[in-house]
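Engineer: Sharing a sequence plus its predicted fold:
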Amino acid sequence: MSDISAAFAQHEITPKIIENAPKQKLHLCWDGIQVEPGMTMQVRNLKNAPRWALPGADPESIYTVLMIDPDNLSRKNPSVAEWLHWLVCNIPASNIIDGINGGQHQMAYGSPAPGPRTDLHRYVILMWEHAGRRISVPKPSSRAKFNVKQFIEKNKLGDPIAGNFFLAQHEG
């Protein structure tokens with residue numbers, strides 16, 4: 001089991017949210033901070049969308065990335081989970097290679113804002129490669145109650161090629 005697989009399993013992201021862990025870590029940088037799977041981030045550092053990199057990205061491919069909070073309102077009471085923080089589809093490989101935030105922004109980046117007394121939230125970022133084909137994804141009408149497994153199935157995406165996650169909680 002790879003380190004990324006072990007981290008996704010330890011934090012109960014697999015198999016509950018996605019069946020299988022990504023093959024590799026998606027390199028994410030928020031406010032100059034490199035994200036390692038499972039680390040705790042300060043909400044104040046998450047105001048803007050991260051920069052990303054995927055070493056070895058196929059220059060002919062097209063990618064999709066999303067970010068969810070499966071613990072909204074809280075991990076004990078995930079009544080509006082999975083909360084969709086970000087959805088970017090049909091990202092050209094050149095954008096992935098150059099770390100440019102391109103593609104079709106179907107849900108603009110919404111910075112994490114966990115509520116008071118809701119403890120730690122997991123924030124999961126996943127990337128899929130869909131070689132040579134674009135996917136047609138309507139803009140979601142709401143951030144609440146997104147379902148990653150249904151999204152994967154509907155768009156025939158399979159397992160994510162890359163991913164990462166971090167923890168954050170309300171800063172009072």
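Structural biologist: Perfect, I can see it now.

Engineer: C-alpha only now, for contacts and for neighbours.
Structural biologist: Noted.

Engineer: For the most centrally placed residue in the chain, give me the pLDDT.
Structural biologist: In the chain, the centroid-proximal residue (CA atoms, centre = their mean) is I125; its distance is 1.6 Å. In this model, I125 is scored at 98, pLDDT.

Engineer: ditto for S2
Structural biologist: For S2, the pLDDT comes out at 69.

Engineer: picking that back up, so who does the closest residue to the residue nearest to the centre of the chain other than its chain neighbours touch?
Structural biologist: For I125, ignoring the flanking residues on the chain, the nearest one in space by CA to CA, 6 or more residues apart in numbering is M67 at 4.3 Å. Shown in contact with M67 (CA atoms under 8 Å, 6 or more residues apart in numbering): 84-87, 123-126.

Engineer: mind listing what the helix or strand where the residue nearest to the centre of the chain lies pairs with, with the direction of each?
Structural biologist: Assigned by DSSP states H and E, I125 falls within strand 121-129. When pairs are called by DSSP bridges, strand 121-129 turns out to pair with strand 62-69 (antiparallel), strand 162-168 (antiparallel).

Engineer: just how off-centre is that strand within its chain?
Structural biologist: Strand 121-129 sits 2 Å away from the centroid of its parent chain (CA atoms, centre = their mean, to the nearest Å).
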